[in-house]
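**Q** compute the structure for the input listed below.
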Amino acid sequence: MFILVISIRPKSDGFSDSRRSKTKWVAMLGYDSLQVEFHYRRMLQTENPDDDITKVTVRGGLYEVDLTENVCYPIYWKSSKVKILRGNWFVTATSEPLEESRSSQIEDDHFAMFEGKNVEDFQISGEKKSSVAILRTQFSTCHVEWYAPNEVFLYYDSTTSKFARTLATGLGFSKVSYSGFRLQRGYSEDANIYDRPPPITHLVLVVHGMGQKLASGSIIKCCAKLRKASHKVRKIHFSHMDTQRVEFLPVAWRSELVLDGGIVDTITPKKVANLRQLLNSSALDILYYSSPLFRNEVLDGVRNELNRLYKLFISRNPGFKPSGGTVSLAAHSLGSVVLYDLITGWEPEFMHEIYLGQKSCELDMSMVRRCSRDTDFKDLLEARETVRKLERQILAGNKLVKSDGRPFPFKPDNFFLLGSPLGVFLALRGVRPQGASYPDHILPRQLCVRFYNIYHPADPVAYRLEPLAMAQYASIKPLQIHRSDTLTMIPYDDMMTVAYNTDVEQELTESPDEEGPSRPPIASPAIPSTTAGKRKIWQRMLGSGNKNIAVGFNAMASTHANVPTPANESTELEFRLDYEMKETRIQSISYLGALTAHFTYWDSSDVALFMMQSLFPDEVKWRQ
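**A** Here you go, the predicted structure:
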């Protein structure tokens, strides 16, 4: 709502914008209201005002007001413009502003009648107070009557309203008390210059996955849900934090790409057209990214849009970098794979070159085996075998990146993966567990400080990452993120590391040495996870005397027999990678939960809380 009060102190002004419908108005923050009022008055006093006067940044820096058109629009993404209103008369009961044309007429008549006069001169006592109007202004569908400077009422002139007033008057009720709407001059709350959000200290760029072509602009709505959830979490868990703030910006890369020129639509059969259109607009994005023809276009689209947003943000927030502001990335579904490839510079052509070199090595060694009879040839064979092992280690270590520099003008502090299939992509690319405490072979520290794989247990698209870092974690449960409404919150570094008991149960129920009914499964031990001291959790599990846990571990390890295990290999990750949401009761017993689980991250207060705790670790108040 764009509110104007002539000849009234600025504190009584309020600026609002319309949302959802033409009659729905939302008041701006006090700081924004005063800023717009200040620029409005400067515009009236300037002959040829420039953009510095006519355009005002509002709503925490996400929107801009254009006073020449009285509209508000987003800065960082495309969306329709919303009308703003500078109003000065409101319905007292609802704080809704009157239309600008009516408000201006009421304002003119009000000042013509009462300006420069004392209010006491118009005080009317007794019964006449509710029946004698000292001023009346008529409109096409309603009229306004003044009984005193602070007694102003609006009446609608519809047949129903007139009949109701006549009936009420006949029964002895006053016109004011029965059918009038009291009006007030100025908004119900004073605008406060300190009513503003803290400065942005953490920027999170949010990349969407597949399906944006089907629902254009949905990433903007999803990002708004995430922003709303973070605001809710902030009020509850970070109310003490008044000098820092995180902002989420949507990276809508898909809407601007025209990958096939419509050729896929021409070859799509007409039968079950709606279903085919759904698949073409969603699942086809995976094929596009797997295609050598369109993959680079997708990468360029994400990179260009992300860099555009960052540069625009820095230009509008010049104090962000000097004050130590940090940038993090969040990606959903396929977007996490695209963003990972951009960060690491992974190229399938480079991987293919290594693969061809390995095949050539295998061919040469087979020729040596057929013709070698001499000791020198055996030495050559052993040397080639050594080279082959080194090449296989390079391949397993994911040293398949060939980056010519950073794809972004910043180094991301955090990388949040939401419902990500990155794990299966890396597994099919040849990434294997390395046994290092820090998973540099997945995402090197020099490219990103921390990364988190957040997923819903019923999400059919999401995969784990920890078993690709260390083979042992295939039998370790992921950490469960805290619920936002829980009373107890243990730091994630201090949470218990719990092993799956699937292998143990199978050994107990299927062992041929046992007779009679199988025994109930034995609960997995809970062992504290540590970041300091590098305590060997697996050594304690195997050395604790629990035979069943040892059997379970051996069964798990046998599935990774082809993974080398050096003698000095670490047995615990420096920090956890996989974080699992807690599913509801309905989601745990029904496949219907899988249909919605992939999109449950955006409005989840639990996910918002986890991200806030990761972004502001020094501000978290853990409750144990």
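
**Q** backbone dihedrals for Leu226, please?
**A** With angles defined as degrees, to the nearest 10, Leu226 sits at phi -60, psi -40.

**Q** which residues touch it?
**A** 206, 248, 601-603, 607-608 (Cβ atoms under 8 Å, 6 or more residues apart in numbering). For every residue, glycine as well, the C-beta is placed using N, CA and C.

**Q** check Asp603 too.
**A** Contacts of Asp603 by Cβ under 8 Å, 6+ apart are 225-226, 228-229.

**Q** so which of the residues you listed comes closest to Trp622?
**A** Set against Trp622, the nearest of the contacts of Asp603 by Cβ to Cβ is Ala229 (20.2 Å).

**Q** how close does that closest one get to Ser323?
**A** Per Cβ to Cβ, to the nearest Å, Ala229 is found 26 Å from Ser323.

**Q** of the contacts of Asp603, buried ones?
**A** Buried members of those, scored by 16 or more other Cβ atoms under 10 Å, are 226, 229.

**Q** name the nearest of the contacts of Asp603 relative to Cys142.
**A** For the contacts of Asp603, the minimum distance to Cys142 (Cβ to Cβ) is 36.4 Å, reached by Lys228.

**Q** surely that closest one is in a strand?
**A** No: counting by DSSP: H, G, I helix; E, B strand; the rest coil, Lys228 is not found in a strand; it is helix.

**Q** find the nearest non-adjacent residue to it, please.
**A** Spatial nearest neighbour of Lys228, chain neighbours left out: Asp603 (7.4 Å); criterion: Cβ to Cβ, 6 or more residues apart in numbering.

**Q** is that neighbour located within a helix, as I assumed?
**A** No: per three-state DSSP, Asp603 lies outside any helix segment and is coil.

**Q** ok so, going back, pull the most distant pair out of the contacts of Asp603.
**A** Maximum pairwise distance among the contacts of Asp603 (Cβ to Cβ): 7.3 Å, between Leu226 and Lys228.

**Q** which SS class is Gly301?
**A** Following three-state DSSP, Gly301 is assigned to helix.

**Q** quick one: pLDDT of it?
**A** As predicted, Gly301 sits at a pLDDT of 90.

**Q** mind checking which of the contacts of Leu226 are buried?
**A** Among those, those buried by neighbour count (16+ other Cβ under 10 Å) are 206, 248, 601-603, 607-608.

**Q** quick one: which of the residues you listed is nearest Phe38?
**A** When those are compared for distance to Phe38 (Cβ to Cβ), Phe248 wins out at 28.8 Å.

**Q** that older thread, can I get the buried ones among the contacts of Leu226 in TSV with distance to Phe425 and pLDDT?
**A** Conversion of the buried ones among the contacts of Leu226 to TSV gives the following (distance: Cβ to Cβ, whole Å; pLDDT from 0 to 100):
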residue	distance to Phe425	pLDDT
Val206	20	97
Phe248	25	97
Tyr601	19	94
Trp602	22	94
Asp603	27	92
Val607	22	97
Ala608	26	96
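
**Q** where does pLDDT dip in the stretch 301-450 of the chain?
**A** For the stretch 301-450 of the chain, the stretches with pLDDT under 70 are 349-378, 380-381, 388-405.

**Q** so which residues of it form strands?
**A** Assigned by DSSP state E, counting those that start in this stretch, the stretch 301-450 of the chain shows strands spanning 326-332, 414-418, 450-455.

**Q** in a markdown table, list those along with distance to Asp52 and mean neighbour count.
**A** Shown next, in a markdown table, are these (distance: least, Cβ to Cβ, whole Å; neighbours: other Cβ atoms under 10 Å):
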| stretch | distance to Asp52 | mean neighbour count |
| --- | --- | --- |
| strand 326-332 | 28 | 24 |
| strand 414-418 | 35 | 25 |
| strand 450-455 | 40 | 23 |
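
**Q** any chance of those strands in CSV, plus distance to Ala27?
**A** Conversion of the strands of the stretch 301-450 of the chain to CSV gives the following (distance: least, Cβ to Cβ, whole Å):
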stretch, distance to Ala27
strand 326-332, 30
strand 414-418, 33
strand 450-455, 35
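
**Q** and Arg384, which of these is closest to it?
**A** Across the strands of the stretch 301-450 of the chain, closest to Arg384 is strand 450-455 (Cβ to Cβ), at 37.4 Å.

**Q** next helix or strand past that closest one?
**A** Scanning forward in sequence from strand 450-455 by DSSP states H and E, the next helix or strand is helix 466-469.

**Q** show me what that following helix is packed against.
**A** Contact here means 3 or more Cβ pairs under 8 Å, 6 or more residues apart in numbering; DSSP states H and E; on that basis helix 466-469 packs against helix 422-428.

**Q** what does the helix it packs on rub up against?
**A** Taking Cβ under 8 Å, 6+ apart as the rule, helix 422-428 contacts 336-337, 340, 398, 442, 453, 463-465, 467-468.

**Q** now do the buried residues in that helix.
**A** Buried residues in helix 422-428, counted by 16+ other Cβ under 10 Å: 422-423, 425-426.

**Q** cool, stretch 48-60 as well?
**A** In terms of neighbour count (16+ other Cβ under 10 Å), stretch 48-60 has its buried residues at 49, 53-54, 56, 58-60.

**Q** got the CA positions of that stretch in CSV?
**A** Provided in CSV are the C-alpha atoms of stretch 48-60 (Å, rounded to 0.1, in the frame of the first residue of the first chain):
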residue,chain,number,x,y,z
ASN,A,48,13.6,16.4,-13.8
PRO,A,49,14.2,13.7,-11.1
ASP,A,50,16.5,10.9,-12.1
ASP,A,51,16.5,7.2,-11.0
ASP,A,52,18.3,8.0,-7.8
ILE,A,53,15.2,9.9,-6.7
THR,A,54,12.3,8.0,-8.4
LYS,A,55,13.5,4.4,-7.6
VAL,A,56,13.8,3.1,-4.0
THR,A,57,15.0,-0.3,-2.8
VAL,A,58,12.6,-2.0,-0.4
ARG,A,59,11.8,-5.3,1.2
GLY,A,60,15.2,-6.2,2.4
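
**Q** i'd like the first residue to be 53 from this point on
**A** Okay, residue one is now 53; in that scheme the one you just asked about reads as stretch 100-112.

**Q** contacting residues around that stretch?
**A** The contact list for stretch 100-112 (Cβ under 8 Å, 6+ apart) reads 67, 80-81, 84, 87-88, 91, 94-95, 98, 115-120, 124, 127, 248-249, 252, 297, 299, 368.

**Q** give me the buried subset of the residues you listed.
**A** By neighbour count, with 16+ other Cβ under 10 Å, the contacts of stretch 100-112 hold 67, 80-81, 84, 87-88, 91, 115-117, 119, 124, 127, 252, 297, 299 as buried.
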